[in-house]
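In: build the 3D model from these lines:
(chains A and B)
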Amino acid sequence: MSKSMARSWDWDSLDCRAQLDEIFFRQHDYIQAGSLEHKEFWSFFDRFQRFKTKKDMSAHLGVPQEYDARYRINVSVCTRDVEERLGKSEHKSTRRSSGPGSQEISDCRLALLHFLDFSQRQSFAKLAKLRREQKNLPIFQYRDRIVELVRHYPVVVVAGDTGCGKSTQVPQYLLSAGFSHIACTQPRRIACISLAKRVSYESLNQFGSKVGHQIRFETTRTTATKLLFLTEGLLLRQIQQDRMLAQYQVAIVDEVHERHLHCDFLLGVLRSLMSERPDLRLILMSATINIKLFSDYFSGAPVLQVPGRLFPIQVIYQPIPPEEQPSRSEKLDPRPYLRVLQGIDQRYPPEERGDLLLFLSGVAEISTIQEACQIYATHTRRWIILPLHSTLSLAQQDKVFDIAPPGVRKCIISTNIAETSVTIDGVRFVVDSGKVKEMSFDPKAKMQRLQEFWISRASSEQRKGRAGRTGPGVCYRLYAESDYNAFAPYPVPEIHRVALDSLILQMKSMGLGDPLSFVFIDPPPAASIQTAVMYLKEQGALDSHGELTSIGSLLAQLPVDVVIGKMLVLGSLFKLVEPVLTVAAALSVQSPFLRSAQHNPDCGTARQPLHSNQGDPFTLLNTFNAWVEIKGERGGGSRKWCRRRGIEEQRLYEMVNLRRQFKDLLRSHGLLESEYSDSSDGDRGKRRERLTERKKLHQLKRDHEQQGGTRRKVLKLDEGQDGEFSSGSDTEKPGRHKKDKEESEQNVDIQEVKFKLRHNMSELQEAVGVSQDLSSRQQALLKLLLCRGLYPQLALPDEHNSTRKDSEQVFHTRNKQGVVIHPTSVFASDPEVLHVRDSSRHQLLAFVTLLETNKPYLTNCVRVPALQTLLLVANSVDSNADCTRLVVDGWLELELREPEEALRALSTALTLRAEWERLLMAQLGNKTLGGAAEQGASRKVLEKLSEGLVRSLLYTEISYSLRRLAAFQTQNLYIGPQPESELSHIQAPDLKALYPGAEAKPDPIKGGLRVTSFFTYNCLADSKDLYSECLRTFWSCPNCDLYMPLTPLERMQHEGSCRPAGEQQAEQEGKKAGSSSASSLSRVYHCDVCNEDLTLTSTEILKHKRHS
DNA sequence: GAGCACTGC
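Out: Predicted coordinates for the structure are as follows:
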């Protein structure tokens, strides 16, 4: 180039460029070394130099030799030190042997100025195009009208169909009109992210960081944010903290027509807030369906209707002929679907592009049709068949966005995930089966049900609309027009179909009063609300008056199901937080185990070491722990580790996020001690190391964001022919294939980058390490905690299971008989561990969900020792006189062989449970943990309790039988009530000091004595012929000198108060052995036959009944 | 022997 170049200056050398980088692209410069723009500059530079050379040879072609400062550049690249260097090197250029001279620096500066000018001009062109597009949107005509309406009315409804631009434009109109602090809710996270990005781009960052998004684990919100896109659930959480929603001036609720649970609830909450916040502006945005409902709900709010902008779509009704309609429990007939593919091949030349989207109801249906279509596709070589549903791996789901090679169409066979959640461009044909699977809730059996239904007209239109996004389309409906007309107009709102437990709990904690009188937009059935209230009472979240208890208000703060929330609370109480955090997180995300991998024997073998025959939550725990270990050892290698086992790594990342959120919440509610200060986190060197790593990670993340995600690949014709796990696709293949794989392995895994930025790996490892190898004692305790959380979700193995085939094992829950284990559970492949091998080892299954599809299935099961667990978790335990017969929750009957053992077990359970309850209440009542001394003391008590639970109860071997009561048996279970006035002479022992909540009053319904809130003594109509005198047996107390005949109750009472000498001093609550006793077990009984009042014991009553 | 889809300070 210049003649002075002899000095070894080479523009192409990396070294020379690096030297210029140090001058122009430093950390605080407009463009930084390493950024995308920096890369672009150097490629621009090359082109620019070539152009200059060419121009030197030819004539002047517009590029000035020197850059003219009148250009639009508003960034200075001529900082003082650059000027200085220019000056210096001009003088001393001859002395310098290497490095850029003044010529090089000014060359580079010229190029940089041209580059900036060029990119700015480019963005002006972009801007002009953008503004044109904005003005072309249907909603643009209504811009002033919308602003005017919002200024004058507290609530406005904007209704517009797909493509009218309401989601992106309305918030911008409001911003330009001077509104700020705008919240715009979306039902889905992705929508929040992409809308924030889009609006920020459209306003050319005119609002800078003033447009942001916030979702559960991610936010770009700053104090400067004026417009925030957030999820509906998140806004609800914010209202829970900030009742008046003072942080916002405007709330936009988008997609209200989708009628999600959160959305319906949010509308209700906002409606009740309007009177207290007259200044708040509320805008509902909806598709043009059912608008009147929303307007009426807000006392006739004005509606602005905007036409949509879709391309025309031709609708063809092709009802399935009767002979091809599948009868019940039969596979779908693929012929109607194949005919559509054939028809398209005949009618449309392959060079006319356009893909096909086929809606079916479920995964099984998709597989059936996929198989048939694949045969056709292989034969014609004109189609690539791709399944799409949420249980596919994310990598496989992503394939639907890839491009088919010329002359080939994609045929995407999808569930209704493609109706709203996933939008695929380039779809020209839609095939609609008209079916959908929907979840409903059966409150009687406490069971979820997944059933197939006809879709609604609204869904039908939504599916059709997917064909007209990028051009005119065709929609084939595989039902008759008359069917369409008979469809319900809208889908059933979610609030009508699901269990309302969490919703009611939220309402209570938000102080919204009686849920039955709350004005919902479309109130759920009263029975559904009542069921939820009852359930919450049973769980102790609400008291008998329906008011929130302390545990209830805590559970309301935890963003999990009530069942999971209870586990978390118990886990922190028993210092088993780490494993419980993992289990709670695992049960709150989609299963990390991919179904498609289940058939692959290699995956099965690789997964085997992770399996725990204690139950599915333990398998999940093992998996998470193993992954954390791998992650620490070989970082990026975890991806491969997951793939080999058919595990979706994304789910494990989600678990880490959840774990941390749960931990923070437990800590902020005083259930966990706060983390020690960071000083323990190693030496300075380590911290510096981590800091440099974080810098690198941030750069990787920025690069990824600037690249705008991944580029679309072109699909191969044989794509989708086999799943990713079949035919050993995991084994390394020689040649090109292997190279591809290695390359992709080196690609930046953006999820891992984000994960590393958010979490401190060594901290996680340390925390998890605690739970890595649970002692059998801890495992027993953990099971108990999980079970108490899951209660009353318990199932009893059928007594004949050991004679049945593996696949025909039957179980019974209290409300539903004949349920089976889901094939994905560890117990489906290993049912022998549930069989009764000896009479001291009966087991129950605690389960997370009971879902009926073809059959009622139990998922996520844990096996627990029956008697011991029941005594500790059951809501009601009823006994006969010598406690050898127990009835639990009115449906399980246990008969113990040895009265001695029976009594000991019951007595131990009562004591431990009382202690447990006391600790729990102390923990909950005591928001901030006391001083170290108190903590130490409570830790001791706790250790004793844990020890007691495990050693004295869970490990105890007691011989007993276990069966479920038949319907007729439950009818005459109890002795029955006696009028209280006639019982006054019975001296009830004072057990209050012994067991908190102890009443020891005659039970007015069951009869017998109600000893604690869950235990009623001697209320069973026992078949054994026992007189009260026989109940007294000689007994010697192991702790003191007492030796005398006592009734069982007296014994329990004594045992509860008489502790070993060491313990006695710790227990300062002066309690004395009951002076009075329940010796008089007889009471007044009115016999209807004799019409006489008799004073009899319970067994005498029974005898009397038989004879009279 | 087999499960729609979302979501949570």
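
In: surely A:Pro307 meets A:Cys164?
Out: Yes. A:Pro307 is within contact range of A:Cys164, at 6.5 Å (criterion: Cβ atoms under 8 Å). (Each C-beta comes from the backbone N, C-alpha and C, glycine too.)

In: looking at these two, which one has more neighbours?
Out: A:Cys164 (25 against 14; other Cβ atoms under 10 Å).

In: any common contacting residues for A:Pro307 and A:Cys164?
Out: Common contacts of A:Pro307 and A:Cys164 (Cβ atoms under 8 Å, 6 or more residues apart in numbering): A:Pro138.

In: can you give me the first-to-last residue distance of stretch A:200-218?
Out: 17 Å (Cα to Cα, to the nearest Å).

In: what is the mean pLDDT for stretch A:167-176?
Out: Averaging pLDDT along stretch A:167-176 gives 92.

In: tell me how far that stretch is from the chain's mean position?
Out: 31 Å (Cα atoms, centre = their mean, to the nearest Å).

In: just stretch A:295-313 next, same as before
Out: With Cα atoms, centre = their mean, you get 33 Å for stretch A:295-313.

In: pLDDT on that stretch, on average?
Out: 90.

In: number of residues surrounding whichever residue of the stretch 701-850 of chain A sits closest to DNA strand B?
Out: Residue nearest to DNA strand B within the stretch 701-850 of chain A (Cβ to the nearest atom of the strand): A:Ser807, separated by 1.9 Å. Number of residues near A:Ser807 (other Cβ under 10 Å) recorded here: 11.

In: could you spell out which stretches of chain A belong to which domain?
Out: Following the TED database, one gets these domains for chain A: A:20-51+A:103-136, A:137-306, A:313-492, A:793-925+A:938-1022.

In: A:Gly511: which of these is closest?
Out: Of all those, domain A:137-306 sits nearest to A:Gly511, with 7.8 Å by Cβ to Cβ.

In: stretch A:364-379 vs DNA strand B: in contact?
Out: Yes. Counting by Cβ under 7 Å from any atom of the strand, DNA strand B is contacted by stretch A:364-379 at A:Ala364.

In: all helices for the stretch 551-700 of chain A, in order.
Out: Assigned helices in the stretch 551-700 of chain A, in chain order: A:562-573, A:577-586, A:601-607, A:616-634, A:637-645, A:649-668, A:684-707 (criterion: DSSP state H, counting those that start in this stretch).

In: show me what counts as buried in the third one.
Out: Judged by neighbour count using 16 or more other Cβ atoms under 10 Å, the buried positions of helix A:601-607 are A:Asp602, A:Cys603, A:Ala606, A:Arg607.

In: which two among these are spaced furthest apart?
Out: Maximum distance among those (Cβ to Cβ): 9.5 Å, for A:Asp602 and A:Arg607.

In: quick revisit: for the residue of the stretch 701-850 of chain A closest to DNA strand B, give me the pLDDT.
Out: pLDDT for A:Ser807: 78.

In: and what of A:Glu917?
Out: pLDDT at A:Glu917 comes out at 84.

In: that one and A:Pro792, how far apart?
Out: The gap separating A:Glu917 from A:Pro792 is 17 Å, by Cβ to Cβ, to the nearest Å.

In: ok, A:Cys164 next?
Out: A:Cys164 is 50 Å from A:Pro792, by Cβ to Cβ.

In: count of residues packed around the nearest residue to A:Arg457 once chain neighbours are set aside?
Out: Nearest residue to A:Arg457 in three dimensions, chain neighbours excluded: A:Phe487, at 4.7 Å (Cβ to Cβ, 6 or more residues apart in numbering). Residues near A:Phe487, counting by other Cβ under 10 Å, number 18.

In: also A:Val250?
Out: A:Val250 has 21 nearby residues by other Cβ under 10 Å.

In: quick one, longest helix in chain A?
Out: helix A:102-136 (DSSP state H).

In: so which bits of the stretch 101-250 of chain A are right by DNA strand B?
Out: A:187-190, A:215-217, A:231, A:233-234, A:237-238, A:240-241.

In: buried residues in stretch A:918-927?
Out: Per 16+ other Cβ under 10 Å, stretch A:918-927 contains these buried residues: A:Leu919, A:Leu920, A:Gln923, A:Leu924.

In: rewinding a little: just say helix, strand or coil for the residue of the stretch 701-850 of chain A closest to DNA strand B.
Out: What DSSP: H, G, I helix; E, B strand; the rest coil gives for A:Ser807 is helix.
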